[in-house]
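1. Provided below for reference: sequence and predicted model.
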Amino acid sequence: MRKKIVAGNWKMNLDYTQAKNLLQDLIQNKDKFNADAEIVICPSAPYLGVFAELVAAHDWIKLGSQNAYFIDSGAFTGEISPVQLKSLNIKYCLVGHSERRDNFNEDYNLLAKKVKALINHDITPIFCCGEQLQVRSSNVYREFVMKQLEDSLFSLPAPDVAKCVIAYEPIWAIGTGQTASSEQAQEIHGLIRARLEANFGEKIANSVPILYGGSCKPDNAKELFSQKDIDGGLIGGASLVGADFCDISNSF
Ligand code: PEP
């Protein structure tokens with residue numbers, strides 16, 4: 001059975017006190033979260049060290065980084081190394097989020113290197129893909145998303161792909177309140193699963209979790225998560241409200 005995952009992407013939000021309060025609120029409400037789902041939070045990088053200590057005794061919450069570079073150490077001012085993440089017991093890392101592709105010009109080649117480096121250090125990449133509104137409107141969105149995957153992820157050997165999580169995040173739905181319908185999301189999730197099977201076989205296709213992201217909230221999560229190829233969510237805005245994030249975890 002595939003892992004169910006609810007991952008919160010806090011982006012560049014919350015000052016330190018606010019972030020720590022939110023984490024403590026989640027920890028205190030452990031019993032309300034879905035025990036069958038992997039709960040991941042991706043806070044801002046400066047908080048990871050303290051957060052790693054705070055969750056050390058609460059291993060039902062996994063920590064994720066929002067970013068990592070592909071080199072272990074050296075003269076790369078401002079970057080975060082997978083070795084550093086590993087030393088804090090960080091389990092997941094976002095790769096290829098549209099905000100990083102767009103604002104920081106992260107291209108397919110860099111993303112492939114990041115995925116590989118993370119896997120080499122036993123950190124699970126959550127590889128994000130998704131199309132802009134104009135691509136959706138021009139009806140080539142299926143090919144567009146498949147190419148994002150082919151270029152950066154599917155060039156890796158099968159055992160590496162088997163260690164990844166994929167997040168389909170249509171850019172027109174991120175932070176806009178305009179969620180993809182469950183049919184729209186399932187269509188792409190189904191295509192991704194089929195492409196995984198064609199390239200890497202049934203076993204890998206049936207084991208890689210594929211998350212949906214884009215204005216996923218407590219009132220639409222159930223419908224989305226009921227789709228056969230949707231294994232959970234990458235949650236932005238709603239993950240900043242503890243009760244909403246918790247409700248989403250119970251939407252399977
Ligand atoms: C995201 O940024 O990954 C995201 C899904 O954001 P939101 O839930 O706010 O649309």
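-> Arrived safely.
2. any idea how far Trp172 is from Gln184?
-> According to C-beta to C-beta, to the nearest Å, Gln184 and Trp172 sit 10 Å apart. Every residue, glycine included, has its C-beta placed from N, CA and C.
3. can you check Lys3 too?
-> In terms of C-beta to C-beta, Lys3 sits 27 Å off from Trp172.
4. The two: who's more crowded?
-> Trp172 (19 against 14; other C-beta atoms under 10 Å).
5. Now do the contacts for the more buried one.
-> By C-beta atoms under 8 Å, 6 or more residues apart in numbering, the contact set of Trp172 is Glu131, Gln132, Leu133, Arg136, Gln178, Gly214.
6. Return the subset of those lying in strands.
-> Per DSSP state E, strands hold no members of those.
7. Looking at these, spot the one nearest Leu48.
-> Gly214 (25.0 Å; C-beta to C-beta).
8. Quick check: the closest one touching Gly177?
-> No. With contact defined as C-beta atoms under 8 Å, Gly214 does not count as touching Gly177 (9.8 Å).
9. Leaving out the residues flanking it, which one is nearest to the most centrally placed residue in the chain?
-> The centroid of the chain falls nearest to Ile126 when counting by C-alpha atoms, centre = their mean (4.1 Å). In this structure, Ile126 finds its nearest non-sequential neighbour in Val165, 4.6 Å apart by C-beta to C-beta, 6 or more residues apart in numbering.
10. Was I right to think the one you found contacts Val208?
-> Yes. Between Val165 and Val208 a contact is recorded at 7.0 Å, counting by C-beta under 8 Å.
11. Neighbour count for these two, which is higher?
-> Neighbours per residue (other C-beta under 10 Å) separate Val165 from Val208, with Val165 holding more: 26 against 22.
12. Over to the more buried one: give its phi and psi.
-> Torsion angles at Val165 (phi, psi; degrees, to the nearest 10) stand at phi -110, psi 140.
13. need the contact list for the residue of the chain found nearest the ligand.
-> Per C-beta to the nearest ligand atom, Gly236 is where the chain lies closest to the ligand, at 2.1 Å. By C-beta under 8 Å, 6+ apart, the contact set of Gly236 is Gly8, Asn9, Lys11, Ile174, Gly175, Gly213.
14. In a markdown table: those residues, plus distance to Ser98.
-> Below are the contacts of Gly236 laid out as a markdown table (distance: C-beta to C-beta, whole Å):
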| residue | distance to Ser98 |
| --- | --- |
| Gly8 | 17 |
| Asn9 | 11 |
| Lys11 | 12 |
| Ile174 | 6 |
| Gly175 | 10 |
| Gly213 | 9 |
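15. Surely Phe33 is in contact with Asn250?
-> Yes. With contact defined as C-beta under 8 Å, Phe33 reaches Asn250; the gap is 7.5 Å.
16. can you put the contacts of Trp172 in JSON lines and add pLDDT, distance to the ligand and neighbour count?
-> What follows is the contacts of Trp172, written out as JSON lines (pLDDT from 0 to 100; distance: C-beta to the nearest ligand atom, whole Å; neighbours: other C-beta atoms under 10 Å):
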{"residue": "Glu131", "pLDDT": "97", "distance to the ligand": "14", "neighbour count": "23"}
{"residue": "Gln132", "pLDDT": "96", "distance to the ligand": "14", "neighbour count": "15"}
{"residue": "Leu133", "pLDDT": "95", "distance to the ligand": "14", "neighbour count": "14"}
{"residue": "Arg136", "pLDDT": "96", "distance to the ligand": "15", "neighbour count": "18"}
{"residue": "Gln178", "pLDDT": "91", "distance to the ligand": "9", "neighbour count": "12"}
{"residue": "Gly214", "pLDDT": "97", "distance to the ligand": "5", "neighbour count": "27"}
